[in-house]
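Student: missing the sequence, but the structure's below:
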Ligand code: NOJ
């Protein structure tokens, strides 16, 4: 049994991520806001989640929907005011919910005062808050940018005849973490939010903070893989350790780093408790599974296999089995909807596959993160036209392909499965015109399937809905520590249809059977003792064979087992 010091709320909590722009609009401007979240706190509480992560709500010109911050200590006016924020935080705490905010400090907005100063002259005291490369030094070595139309992270700025670095859009200049003043500014800002009572941070691309400011040519071993190079900056652990000493260690808070490029071999360096850095981080192995090699935003041609999916989870579980802690997610604001991607959103299988994915995440070791709308099984919208997109990532990729004369229709097809806007469509509250999200024009189109199967209102009434299944299974996780801390063991690791595993803590053992396929399958254990069904997303078909389970398409079942013996 984990002892009291090993047990903690960060591990036992279930996280619910909200993209505020898309959650609930109370003003009629078509953009979600803080008062909208306040209105829905009882609903959120009813899900059985414990921690809310809000995507950035700070002042921003919204080049990248809030990931370009122009004032770290103010609320985006579209979302409300600081007093709305205070009320929201109190409303959460009154209900026993915790709040983690997004910390976006690899870059700021180019409209942040620091950058305005920095770009104004080479002598400005803020000059070294960012990375500048004067033209006299020649052309800087290549650096890749996620959102730049030319994929070039260096932008020439006439005013001081220099280039500045931007790993993301031209409006997101990278902050210079090598400058102690920048780090101090960030730590002060973190104290500001912690003093208000915030319970933690999700840290945007935290693995990218440290940079070699000589900007050498990309070292050979990283050829074709800028992301891993960005994540391996020499001082990253010094900075995280410093941040922990200066800020995090002073509060009872939670940290989850977004860590693209961090390899499994280096994972514990970030989250080993003895190193005092982060509590956990998001890796991207699963998120790359259905993408082309080296092309993070393009879908791979063949379909991913269950064995590949399972191996990712098994490998990462093993890393944190004794030290550190993992985070589990199937979707977020940067990727398409979980059920469309890892399940099957056809009419026939949508419900079972959505609930199968809930069963999966809530029976694995690690802190589970759910993205708003997943609890009702929201699906990809699959826009037909570039006009419907709002995301800078899709829009700029489209521009650059257009310049190259590439096949734009093929790109639109790709985006139906890959685009981030699939996951950003407004929350589907009911069956009215804009799904109860807004009385105005929504900033991004609402998925028309709110009219039929996918809305909170229609699912509330149905005890067998995806929503009510979600509530049941969050409760089951909470009541069974084995599902949180128990050892994870895979059964039949080569099976391409059924993902089966056990979770065991002392005498408590659970067997989880997940049929990830659209066919009925049989799954046999060599031997097992009497089992009790804890939950299943469809009625169980009894087999006349003692050791056989028959699983319907996308059936998920959790059993309590006495002494499972698997040979
Ligand atoms: C990762 C965030 O999740 C994503 O939405 C954003 O575009 C980039 N970082 C840049 O901040």
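Tutor: Perfect, thanks for sending it. For clarity, every value in this text was computed on a predicted model and none was experimentally measured.
Student: how about the contacts made by whichever residue of the stretch 51-200 of the chain sits closest to the ligand?
Tutor: In the stretch 51-200 of the chain, no residue comes nearer to the ligand than residue 67, which is 3.4 Å away by CB to the nearest ligand atom. Yep, even glycine has a C-beta here, placed from its N, CA and C like the rest. Contacts for residue 67 (CB atoms under 8 Å, 6 or more residues apart in numbering) come out as 56, 60, 102, 104, 168, 172, 204.
Student: what residues does this structure put near the ligand?
Tutor: Residues of the chain lying close to the ligand (CB under 6 Å from any ligand atom) are 64, 67, 104, 168, 204-205, 258, 333-334.
Student: ok now stretch 260-276, how far from the chain's centre?
Tutor: Counting by CA atoms, centre = their mean, to the nearest Å, stretch 260-276 is centred 18 Å from the centre of its parent chain.
Student: and the pLDDT for the residue positioned nearest the centre of the chain?
Tutor: Closest residue to the average C-alpha location of the chain: residue 332 at 3.9 Å, with CA atoms, centre = their mean. Residue 332 is assigned 98 on the pLDDT scale.
Student: then residue 388?
Tutor: 98.
Student: looks like it contacts residue 445 (just checking).
Tutor: Yes. Judged on CB atoms under 8 Å, residue 388 makes contact with residue 445 at a distance of 5.9 Å.
Student: element containing residue 296?
Tutor: According to DSSP states H and E, residue 296 maps onto strand 295-299.
Student: quick revisit: hey, what's the nearest residue to the residue nearest to the centre of the chain once chain neighbours are set aside bridged with?
Tutor: Nearest non-adjacent residue to residue 332, counting by CB to CB, 6 or more residues apart in numbering: residue 371, 5.3 Å away. When bridges are called by DSSP bridges, residue 371 pairs up with residue 17.
Student: and residue 371, how far is that from residue 96?
Tutor: Shown here: residue 371 relative to residue 96, a distance of 21 Å by CB to CB, to the nearest Å.
Student: of the two, who's got more company?
Tutor: residue 371 (23 against 8; other CB atoms under 10 Å).
Student: phi first, then psi, for residue 110.
Tutor: phi -70, psi -10 (degrees, to the nearest 10).
Student: for it, which non-adjacent residue is spatially closest?
Tutor: Closest to residue 110 by CB to CB, 6+ apart is residue 171, at 4.8 Å.
Student: which SSE is that neighbour in?
Tutor: Going by DSSP H and E, residue 171 is not in any helix or strand.
Student: count the residues that sit near residue 87.
Tutor: By the criterion of other CB under 10 Å, residue 87 has 15 neighbours.
Student: is it in a helix, a strand, or coil?
Tutor: Counting by DSSP: H, G, I helix; E, B strand; the rest coil, the backbone at residue 87 sits in helix.
Student: looks like it contacts residue 38 (just checking).
Tutor: Yes. Using CB under 8 Å, residue 87 is in contact with residue 38, at 6.1 Å.
Student: and the nearest residue to residue 21 once chain neighbours are set aside, how far from the ligand?
Tutor: Leaving aside its chain neighbours, residue 21 sits nearest to residue 32 (5.0 Å; criterion: CB to CB, 6+ apart). For residue 32, the distance to the ligand (CB to the nearest ligand atom, to the nearest Å) stands at 16 Å.
Student: these two touch, right, residue 32 and residue 437?
Tutor: Yes. With contacts counted by CB under 8 Å, residue 32 reaches residue 437, the gap being 7.3 Å.
Student: how does this protein divide up, domain by domain?
Tutor: 13-106+182-473, 113-165, 487-561 (automatic domain parsing).
Student: just these: most buried one?
Tutor: Highest mean neighbour count of the domains of the chain: domain 13-106+182-473, a mean of 19 (counted as mean count of other CB atoms under 10 Å).
Student: so which elements touch the helix or strand harbouring residue 532?
Tutor: Taking DSSP H and E as the definition, one finds residue 532 inside strand 531-536. Strand 531-536 is packed against helix 466-479, strand 556-561, with contacts defined by 3 or more CB pairs under 8 Å, 6 or more residues apart in numbering; DSSP states H and E.
Student: give me the average confidence score over that strand.
Tutor: Averaging pLDDT along strand 531-536 gives 94.
Student: which other helices and strands does the helix or strand harbouring residue 187 contact?
Tutor: Applying DSSP H and E as the criterion places residue 187 in helix 180-196. Where contact means 3+ CB pairs under 8 Å, 6+ apart, helix 180-196 is packed against strand 71-75, helix 82-94, helix 236-246.
Student: turn the ones you listed into a markdown table, including mean pLDDT.
Tutor: Output for the helices and strands packed on helix 180-196, formatted as a markdown table (pLDDT from 0 to 100):
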| stretch | mean pLDDT |
| --- | --- |
| strand 71-75 | 98 |
| helix 82-94 | 98 |
| helix 236-246 | 98 |
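Student: in JSON lines: the ones you listed, plus distance to residue 297.
Tutor: Listed next are the helices and strands packed on helix 180-196 as JSON lines, based on distance: least, CB to CB, whole Å:
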{"stretch": "strand 71-75", "distance to residue 297": "28"}
{"stretch": "helix 82-94", "distance to residue 297": "33"}
{"stretch": "helix 236-246", "distance to residue 297": "25"}
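Student: how about the ones you listed, which one is nearest residue 278?
Tutor: helix 236-246 (6.3 Å; CB to CB).
Student: spatially nearest residue to residue 514, not counting backbone neighbours?
Tutor: residue 499 (4.4 Å).
Student: ok, back up a step: now render the helices and strands packed on strand 531-536 as CSV, adding distance to residue 351 and mean pLDDT.
Tutor: Shown next, in CSV, are the helices and strands packed on strand 531-536 (distance: least, CB to CB, whole Å; pLDDT from 0 to 100):
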stretch, distance to residue 351, mean pLDDT
helix 466-479, 6, 98
strand 556-561, 11, 95
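Student: of all the ones you listed, which lies closest to residue 283?
Tutor: With CB to CB as the criterion, residue 283 lies closest to helix 466-479 of those, at 21.7 Å.
Student: now do the closest one against strand 556-561, angle only.
Tutor: 30 degrees (axes from the mean of the first three to the mean of the last three CA atoms, to 10 degrees).
Student: run through who's touching helix 466-479.
Tutor: 12, 14, 46-49, 351, 354-355, 358-359, 362-363, 368, 375-377, 456, 459-460, 462, 483-484, 534-535, 537, 558.
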